[in-house]
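1. Need the 3D shape of this:
(chains A and B)
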Amino acid sequence: MADMKVYFDHNATTPIHPEVKKEMIAAMEMFGNPSSMHAWGREARANVEDSRRKVADFIGAHEREIIFVGSGSEANNTVLSLFVCGTSQCIAGSKKRNTIITTKIEHPCVLETSECLAHRGVRVKYLGVDRYGKIDLDQLDGMLGDDVGLVSVMMANNEIGTLQDIEAITRMVHASGALMHTDAVQAIGKVPVDVRQLGIDFLTLSAHKIYGPKGIGALFVKKGTAYCPLIRGGHQEQGRRAGTENTLGILGLGRAVEMRTLEMPEEDGRLLHLKEVLRNGIEDNIEDIHINGHPTDSLASTLNVSFTGVEGEAILLYLDLEGIAVSTGSACASGSLDPSHVLLATGVDAELAHGSIRFSMGRQSSMQEVEYLLDVLPPIIKRIRNMSTAYIKGGLHAASR
Amino acid sequence: MLQAGEWAYSDTLKEHFMNPKNILQGENTDDFDGVGMEGNLQCGDQMMVVIKVDKAHDVITDCQWKTYGCASAIASTSVLSEMVKGRTLDAAFHISPKEVAQELGGLPDHKIHCSVLGDKALRAAINNYYTRNGKEDKVKQEQSKVICQCMSITDHDIEDAVLEGARTYFELQERTKLGTVCGQCKDEAELLLEKFKHIHFGA
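-> Now for the predicted structure:
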């Protein structure tokens, strides 16, 4: 078992799918610029547009509603930044609607962009979440008004996996006259997404979370929605995102969503079972733990657990020594001094946030891997607790022993 | 293609993390002559250091510890416990975070603050020994000086901010709110900023 390798960090990124790899290798010599009129260019253009159709089909959109971008972060920056234009009258009718509503548990690319916009005259309001990470629809109702231009709520949270009811949220947002964006980077390819059913105006997705290549994502913009590019200076993507197309990446994304369509249906139940075994195994074998996230409205692949009296980076690195990859919400691993903003928003105290570990499984995760993890983890926690001040006489958790 | 890189940590640090030395087993500290604890769980680091002392010569004969924290926190307490054995209380009292970091083969910048609690806990343990043995006159308190009167920010707060990443006066203000009211402390604060950058990062 010593050389067993277990990758349980799929929410960070995923291994490339063999079919995607095959497609990209075959296309490696397709170097033409899709904007060129000659045969080389036409070949590239045909393939880029074929991928665009695949991505559109995957989320129930029209192909002209898909803009290829460099990353999920770029897509999110683009949507939020529209509102600086909105407030300076680029976009007709949006001048008075210069407030953005988002949540406290968004990815930093939404939160930091929102902070930046706040310095540029946009008003930003942040929705809180309950202890499971769900936003409060009543609070949203209270915030909505004729000053709100955009609401941005992530579909699935990257750290705790909690899913929001985007369809219901979108109905409320539209009733108030605002536009609705969802960052679906963690949800796409894991739960079915249909943009028409959701009624959404903007949606962000990324290839590398669904076994595609890095450096490519897509932004869905509903037909007729006011738009302003973040990157200017070219006619690519209908003038909506300048820069010569990442043809190989686009092909990879197209193939990745095709494979998701084929593999998603059977995968969900299988991953849910693995997660149950993992959760039960941790609950049965390790004392003083706390499960983070929603018990049911959550990604089947994601389990987030806090271990009392143990710091997350130490767990992560001891697991790394055993060949297991996970991630942590500890401050020490992030380079900042603050632990996970998501866990703090759910009301978890700072100590438990420092001691949190995210296990995120994927299409190749197996019962054997879960069992190996369950063999290795309890002794590691025991070992770290033995050297922790939390369990000494007079220590914070001494009484629980 | 390159293979998986080494950890952000040195080999020495990794060794002390994988096989920590001198962990205090169990809860009992009664056999020790001095006990010190610093930090708290909410901040993500807490360290306890216990020492045994050769009372005739004021020399540390044994040092054990418990640490709640990341790999560099665990390793720095482990290496500190090795460093102090055989030292006089006086010499041990003056061990700096920089020496601990050097002994570990260096620490990444953002990890320096994880290693400063060990020496603080050690000093607390030494003071505890003095107090228990009727040598209160030898107890040395960590003396701090208020630099920013408006916001009540001390030189220790400035040192902590530098250890936590502040490198410019603006960053120091962001972290501590120092000098954000009357601004009279700016010159003194800038001198201290340079001093602590030099002490901890050789900059």
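2. how about the residues of chain B near chain A?
-> B:7, B:17-18, B:20, B:23-25, B:27-29, B:37, B:41-48, B:65-74, B:110-111, B:113-114, B:164-165 (C-beta under 8 Å from any C-beta of the partner chain). All C-beta atoms are positioned from the backbone trio N, CA, C, and that covers glycine.
3. Mark which of these are buried, thanks.
-> B:17, B:20, B:23-24, B:29, B:37, B:41, B:43-48, B:65-74, B:110-111, B:113-114, B:164 (16 or more other C-beta atoms under 10 Å in any protein chain shown).
4. show me the contacts for the residue of chain B found nearest chain A.
-> Proximity of chain B to chain A (C-beta to the nearest C-beta) peaks at B:Cys70, 3.6 Å away. By C-beta atoms under 8 Å, 6 or more residues apart in numbering or on different chains, the contact set of B:Cys70 is A:Glu311, A:Glu313, A:Ala314, A:Ser330, A:Cys332, A:Ala333, B:Gly44, B:Asp45, B:Lys111, B:Cys114.
5. now the strands for chain A?
-> All strands of chain A, identified by DSSP state E, fall at A:6-7, A:66-69, A:99-103, A:123-127, A:148-152, A:179-183, A:202-206, A:217-221, A:289-292, A:302-307, A:324-325, A:327-328, A:356-360.
6. would you turn the ones you listed into CSV with mean neighbour count, distance to chain B and mean pLDDT?
-> Output for the strands of chain A, formatted as CSV (neighbours: other C-beta atoms under 10 Å in any protein chain shown; distance: least, C-beta to the nearest C-beta, whole Å; pLDDT from 0 to 100):
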stretch, mean neighbour count, distance to chain B, mean pLDDT
strand A:6-7, 20, 12, 98
strand A:66-69, 25, 27, 98
strand A:99-103, 25, 23, 96
strand A:123-127, 18, 20, 96
strand A:148-152, 24, 26, 94
strand A:179-183, 27, 27, 97
strand A:202-206, 29, 23, 98
strand A:217-221, 26, 25, 98
strand A:289-292, 20, 14, 97
strand A:302-307, 25, 11, 98
strand A:324-325, 19, 11, 98
strand A:327-328, 24, 9, 95
strand A:356-360, 27, 12, 97
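7. Tell me which of the ones you listed lies nearest to A:Cys109.
-> Within these, the stretch nearest A:Cys109 is strand A:179-183; the backing value is 8.2 Å (C-beta to C-beta).
8. Against which helices or strands is that closest one packed?
-> Judged by 3 or more C-beta pairs under 8 Å, 6 or more residues apart in numbering or on different chains; DSSP states H and E, strand A:179-183 is in contact with helix A:72-87, strand A:148-152, helix A:166-175, strand A:202-206.
9. Can you spell out which helices and strands pack onto the third one?
-> Packing partners of helix A:166-175 (3+ C-beta pairs under 8 Å, 6+ apart): helix A:137-143, strand A:148-152, strand A:179-183, helix A:195-198.
10. ok so, going back, so what's the backbone phi/psi at the residue of chain B closest to chain A?
-> When read as degrees, to the nearest 10, the backbone of B:Cys70 gives phi -80, psi -180.
11. and chain B, what are its domains?
-> Using automatic domain parsing, the domain parsing of chain B gives B:11-138, B:146-201.
12. most tightly surrounded among the ones you listed?
-> With neighbours taken as mean count of other C-beta atoms under 10 Å in any protein chain shown, these reach their highest mean count in domain B:11-138, at a mean of 20.
13. what is the mean pLDDT for that one?
-> Taken as a whole, domain B:11-138 has a mean pLDDT of 91.
14. and the residue nearest the centre of chain B, what does it touch?
-> Ranked by distance to the mean C-alpha position of chain B (C-alpha atoms, centre = their mean), the top residue is B:Val116 at 2.0 Å. Listed by C-beta under 8 Å, 6+ apart, the contact set of B:Val116 reads B:Pro97, B:Leu163.
15. C-terminal to whichever strand or helix holds it, what's the next element?
-> Element membership of B:Val116 [criterion: DSSP states H and E] is helix B:116-132. Later in the chain than helix B:116-132, the nearest helix or strand by DSSP H and E is strand B:146-148.
16. List the contacts of the residue nearest to A:Gly215 when sequence neighbours are not counted.
-> Spatially, and ignoring its direct neighbours in sequence, A:Gly215 is nearest to A:Gly249 (5.5 Å; C-beta to C-beta, 6 or more residues apart in numbering or on different chains). Each residue near A:Gly249 by C-beta under 8 Å, 6+ apart is listed here: A:Phe68, A:Ala207, A:Gly212, A:Pro213, A:Gly215, A:Ile216.
17. Give the burial count for the closest residue to A:Leu219 other than its chain neighbours, as a bare number.
-> Nearest residue to A:Leu219 in three dimensions, chain neighbours excluded: A:Ala75, at 3.9 Å (C-beta to C-beta, 6+ apart). Look at A:Ala75: counted by other C-beta atoms under 10 Å in any protein chain shown, it has 30 neighbours.
18. ok, A:Ala75 touching A:Ala218?
-> Yes. Between A:Ala75 and A:Ala218 there is a contact at 7.1 Å, judged by C-beta atoms under 8 Å.
19. so what's in contact with the two at the same time?
-> Common contact partners of A:Ala75 and A:Ala218 (C-beta under 8 Å, 6+ apart): A:Ile67, A:Val69, A:Thr204, A:Leu205, A:Ser206.
20. Tell me the spacing between the nearest residue to the third one once chain neighbours are set aside and A:Ile66.
-> Put plainly, it is A:Thr204. Nearest residue to A:Thr204, sequence neighbours excluded (C-beta to C-beta, 6+ apart): A:Ala75, at 4.0 Å. The spacing between A:Ala75 and A:Ile66, counted by C-beta to C-beta, to the nearest Å, is 11 Å.
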